[in-house]
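Colleague: After the sequence you'll find the predicted model.
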Amino acid sequence: MKIDFTKTDETIVEDLFNDLENAAKDPKHPFRLCVLATTEVDNIPTQRTLVFRGLLPSNEMLIFTDYRSPKLQEIKLQKQVSILFYHPEKKLQIRIQAIANIHHQDTTCLVEWNKLSKVNKQDYQTELPPGSDLPIGEEELTHNAEFGSDFFSIISLKPTKVDILQVSRMGHKRFVSRFENGMWNGRRVIP
Ligand SMILES: Cc1cc2nc3c(=O)[nH]c(=O)nc-3n(C[C@H](O)[C@H](O)[C@H](O)COP(=O)(O)O)c2cc1C
């Protein structure tokens, strides 16, 4: 992934999302993992590492999670979130503000659920909800396949602002663009 800062606003953002889409298909790509920031109920910011699963045609970024997880309760109260990607070799940071939307037991979930292996499905079938106390004396997680896809959910993130920072000995470069009135409006800014 190389950002061409001389291109037009729309093209820079388009190239970025094309690159993100390719990264999501490559388990070794640094952008396969992202950090999602949300706001806890008491207004405290919180973050976690997540697998970035791909893009919808609308450029909405997809994350899979357990419907019972605290991040979903946070998103229900505050849909504005931030997602961070970092490429250590290229020293490229992508910061994206987005509006989060929760999918649960809809067609988007069903399509993705059917692609998951039995082992991957187990991530969404723990007997107890994510974040709950491990019962005393139990070391292993217990799963219940009878839950099926009950707790499988997808967070889709509609981007509203992108902030691209390229750190380089040749000179740092930064580009910020906002999605306004149906189009991306960007400008170069001081890194
Ligand atoms: C490498 C890595 C990948 C992860 N991928 C996911 C993921 O795709 N979905 C997910 O819900 N949690 C994933 N997690 C776990 C989250 O970071 C987090 O601990 C968990 O989702 C609970 O978050 P919450 O309490 O904020 O809801 C991953 C953690 C690591 C370290």
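Modeller: That came through, no problem.

Colleague: On the C-terminal side of the longest helix belonging to the chain, identify the next helix or strand.
Modeller: Assignment by DSSP state H gives helix 9-24 as the longest helix of the chain. Heading C-terminal from helix 9-24, the first helix or strand you meet, by DSSP states H and E, is strand 33-39.

Colleague: Give the bridge partners for residue 143, please.
Modeller: Beta bridges link residue 143 to residue 126 when assigned by DSSP bridges.

Colleague: check contacts around it.
Modeller: 122, 125, 126, 127 (C-beta atoms under 8 Å, 6 or more residues apart in numbering). C-beta coordinates here come from the backbone N, C-alpha and C atoms, glycine included.

Colleague: what bridges to the closest residue to residue 75 other than its chain neighbours?
Modeller: Excluding the flanking residues, the one nearest residue 75 by C-beta to C-beta, 6 or more residues apart in numbering is residue 100, at 4.6 Å. Beta bridges link residue 100 to residue 157, judged by DSSP bridges.

Colleague: so residue 163 bridges to which residues?
Modeller: Judged by DSSP bridges, the bridge partners of residue 163 are residue 95, residue 176.

Colleague: any idea how far it is from the ligand?
Modeller: Using C-beta to the nearest ligand atom, to the nearest Å, residue 163 is found at 22 Å from the ligand.

Colleague: Lovely, talk soon.
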